[in-house]
Structure formats: structure tokens, C-alpha cells
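**Student:** need a structure here:
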Amino acid sequence: MISGIPHTIAKQGWWIASRSSGVVALVLVTISVLIGLTMAGKPIRKPGLNRKLLAVHEQTALAGLVAICVHGLTLLADPWLKPGLTGVLVPFAMPLHTFWTGLGVIAGYLAMLLGLSFYLRKNIGAKLWRKAHRATVAVWALGLIHALGSGTDTSSLWFRAFALVTFFPIALLFVYRLGVERRAEERKHLAARQRRRRELLGEREMLAEYEQPLTVR
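**Tutor:** Residues are numbered from 1 along each chain as shown. Just a heads-up that it's a prediction; the model follows:
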């Protein structure tokens, strides 16, 4: 049995490495998205908490990007699948589980784009960057769908438990965040209308004073 281990590693080692790194990437992206939504919605207000969460959010996001790269590289070296660069880099070009792996490739590109944009937010602009950063939820969703459709661990109890336990908090936090942003926009528009109303009232008062006839004493 022990003598067959080198043969098993040589035959399935790359597939095992790709499978493991894919699971690690999904876990890290899930943690990063959970923390990001928690910071954005601010359901818990505690001094200094956001600073600590930001550090963990950034580190898990970077680690997730590394795991995604390892996932693709080890898959590329799989001697059985032999996807080639096209299969790994081009969406929906993989011969196996074409649709599900295509979603995974898109999720990987989106993760890279959004993750690295964090370091360019000053050039992009904070407002535009925050709007674009909402798509990180799409990275998690596409990654989860990719894993469910093409992963070999989806039938296992631990994976189903992980998917269920993390799905509902992310969905609730995302809805909560949208509600917070919508209320903030409503307050902003209300303040703008009130400011405009005060300006109009001021202009009318000035006009009324100007139109009053001069009293000659």
C-alpha cells in the first residue's frame, strides 16, 4: 500500500493540489466578503473594530488571490485533464464541466480586478471604488456556484454545511448594506432639497424687500 503512494501522487497529486487550493480560495473569499459586508453595513459599532476587521479583510483577500492562482496553476499541470492555457484562462473553454468552470474563470478575473483595485482606490476615486467593490459579492456567488457545479466535494456533508452556514449571513448582510446605502442616499437627497428650499425662501425674501416701495419721510 505504501509503495503505491508515489504512483498515486504522481497521477493525482496535481488534481489533489488544485482541489485543495480551490477549497481554500473559496473559504478565504467567503471570510473576506463576510468581513467586508460587516464593515460596510456597520451592524456592530465598537471603537477600533473596523481597523482590526480591515486588516483581516485585506489579508484574507490577498491570501484568496494567491489560492486562486495556485488553483489555476495546479489545474494546468494536471496530467489527466490537460486543460492547457486556453482551458484555464478563457471562460467556457474547459472541456470538462464547461459552464461551471467558465463561471469559475470569470470569478477569478473579477477577484483579481477588485482585489488589486484596493491599492488604486486613490487613483480611481473613493466613491467609484466603493461602487465597484460591491461586486465582491458576485465573486463569492460565482465561486460558490462554480464549486457546486464542478467541485468533487459538493456532495460531502461538510461542504454543504459550510455553504449553508455562510450563505445566509452573507445574504442578510448584503441586504442590510443595500438598505443602509439606500437610507443614506435618501437622507442626502432630503438634505439637498431642504437646502434648496431655504435658498429659494431667502431669494424670495430678498426680492420682496427689494420690491417694497420706498417710504419718503
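**Student:** how many neighbours does the nearest residue to residue 98 once chain neighbours are set aside have?
**Tutor:** Leaving aside its chain neighbours, residue 98 sits nearest to residue 92 (5.5 Å; criterion: Cβ to Cβ, 6 or more residues apart in numbering). Yep, even glycine has a C-beta here, placed from its N, CA and C like the rest. Neighbour count of residue 92, defined by other Cβ atoms under 10 Å: 13.
**Student:** so how far is residue 117 from residue 92?
**Tutor:** Going from residue 92 to residue 117 by Cβ to Cβ, to the nearest Å gives 25 Å.
**Student:** ok, now residue 29?
**Tutor:** 15 Å.
**Student:** neighbour-wise, which of the two wins?
**Tutor:** Of the pair residue 29 and residue 117, residue 29 is the one with more neighbours under other Cβ under 10 Å, namely 26 against 15.
**Student:** my guess is the more buried one contacts residue 64. True?
**Tutor:** Yes - the criterion here is Cβ atoms under 8 Å, and residue 29 meets it with residue 64 at 4.5 Å.
**Student:** so what sits against both of those two?
**Tutor:** Residues touching both residue 29 and residue 64 (Cβ atoms under 8 Å, 6 or more residues apart in numbering) are residue 111.
**Student:** middle-most residue in the protein, spatially?
**Tutor:** Nearest residue to the geometric centre of the chain (Cα atoms, centre = their mean): residue 136, 1.4 Å.
**Student:** please name the residues that touch that residue.
**Tutor:** Residue 136 touches 32, 33, 36, 111, 114, counting by Cβ under 8 Å, 6+ apart.
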